[in-house]
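Trainee: take a look and give me a structure for this.
(one chain, ligands or ions: 1)
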Amino acid sequence: MSLVLLPASLGELWAMLGDEPGCAVFAGGTDLLVRKRAGFAHGEPLVCLDRIPELREIHESDGLLRIGAGITHTACSASPLVNKHAPVLALALCRIGSPQVRNMGTIGGNICTASPAGDSLPALHILNAEVVLRSRKSKRVLPIADFIRGPGKTDLRPGEILVEVRIPSAVDFQVQHFEKVGQRNAQAIAVVSLAALVRLNRRGIVEEARLALGSVGPTVVRPREAEEALAGRRLSLTALRQAAELVRSAVSPIDDIRATAAYRKEVAGNLLLRLAVL
Ligand SMILES: Cc1cc2nc3c(=O)[nH]c(=O)nc-3n(C[C@H](O)[C@H](O)[C@H](O)COP(=O)(O)OP(=O)(O)OC[C@H]3O[C@@H](n4cnc5c(N)ncnc54)[C@H](O)[C@@H]3O)c2cc1C
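Mentor: So this is what the prediction gives:
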């Protein structure tokens, strides 16, 4: 049995973290509590972030969408602000686990878990999201790509928590797409995932394409050559097939219990072809 502390504000949280340097924080618990039961997570007492109102707000200010780290996937994907400024993120969050997992799991927990298969991460990378990290005495802001260091590794320092995700509006990207291939439709970790943002001009020519893939490397992969190859072209099957080859060259998947590396590489390119029919 673990002791669980329930701070009701950031002020209370800083006091508890100061008193309990060996503690482990969690939000929805859908990752940490599973790992703890399996003996892979340590730290006592547990400090639950669920009751801190400052972490549960979504708002827009200074041209940025600001999502509290404690927002659940269900709330985030249903938010009118998220659907207006970053529909690709809403699409990605809808594909996490099951309704029960999405009702408990949070965006902060998905980011801090830093899984190569974390479904929010490809979308957050192409949205140029930043994370706001606070401790009792400090505050810093990092691009998501700098925060996630490797599988299960982040730049989080002792005494620090993720409080907010900041996202510049992506309303001018007409194509916003997320697709995940797993072993089944729900309750499945991604075998490969793709998030895409494409801005077209009035003639239907690509002005900017941003692509990110999950589960095909230790962290999210941005296939920059494929992005550049699409610029200046229509989203035709020919252009996408050429870019798909560049996607396959950019990824470095592994064999594991869910799929072979060769399968992942093939599918990573194939996912791009879907943009032809959107
Ligand atoms: C059945 C099942 C299915 C799942 N399916 C998917 C899936 O399809 N896709 C997917 O991406 N994930 C999936 N997951 C994993 C998990 O649900 C998600 O990663 C979820 O977003 C984690 O959020 P949480 O709030 O529950 O994290 P928690 O378990 O509370 O925490 C996870 C980690 O993040 C840290 N943490 C949490 N919040 C903060 C914060 N604000 N600041 C600092 N550190 C923090 C904790 O210390 C812990 O190390 C699944 C899990 C289960 C059990």
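Trainee: residue in this protein nearest to the ligand?
Mentor: Of all residues in the chain, Gly109 sits closest to the ligand, at 2.1 Å by CB to the nearest ligand atom. Every residue, glycine included, has its C-beta placed from N, CA and C.
Trainee: which parts of the protein are helices?
Mentor: 10-19, 32-37, 73-78, 80-85, 87-93, 99-104, 107-113, 120-126, 144-147, 224-230, 237-250, 261-273 (DSSP state H).
Trainee: quick one: the residue of the chain most remote from its centre from Arg233, how far?
Mentor: Taking CA atoms, centre = their mean, the residue of the chain most remote from its mean C-alpha position is Arg203, at 32.0 Å. Relative to Arg233, Arg203 is positioned 11 Å away (CB to CB, to the nearest Å).
Trainee: residues in contact with stretch 73-86: which ones?
Mentor: If you take CB atoms under 8 Å, 6 or more residues apart in numbering as the criterion, stretch 73-86 is touched by 56, 58-60, 65, 67, 71, 89-91, 93-94, 96, 99, 101-103, 105-107, 110, 120, 123, 127, 167, 169-171, 176.
Trainee: for ChimeraX, write the selection for the buried entries among the residues you listed.
Mentor: Applying 16 or more other CB atoms under 10 Å to the contacts of stretch 73-86, the buried members can be selected in ChimeraX as follows:
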select :56,58,65,67,71,89,90,91,93,96,101,102,105,106,107,110,120,123,127,167,170,176
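Trainee: which bits of this protein sit near the ligand?
Mentor: 24-32, 34, 49, 69, 96-97, 101, 104-106, 108-110, 112-113, 118-119, 156, 161-162, 187, 189 (CB under 6 Å from any ligand atom).
Trainee: can we see that at 5 Å?
Mentor: Residues of the chain lying close to the ligand (CB under 5 Å from any ligand atom) are 25-32, 69, 96-97, 101, 105-106, 108-110, 112-113, 118-119, 161-162.
Trainee: just the buried ones from those residues?
Mentor: 25-32, 69, 96-97, 101, 105-106, 108-110, 112-113, 118-119, 161-162.
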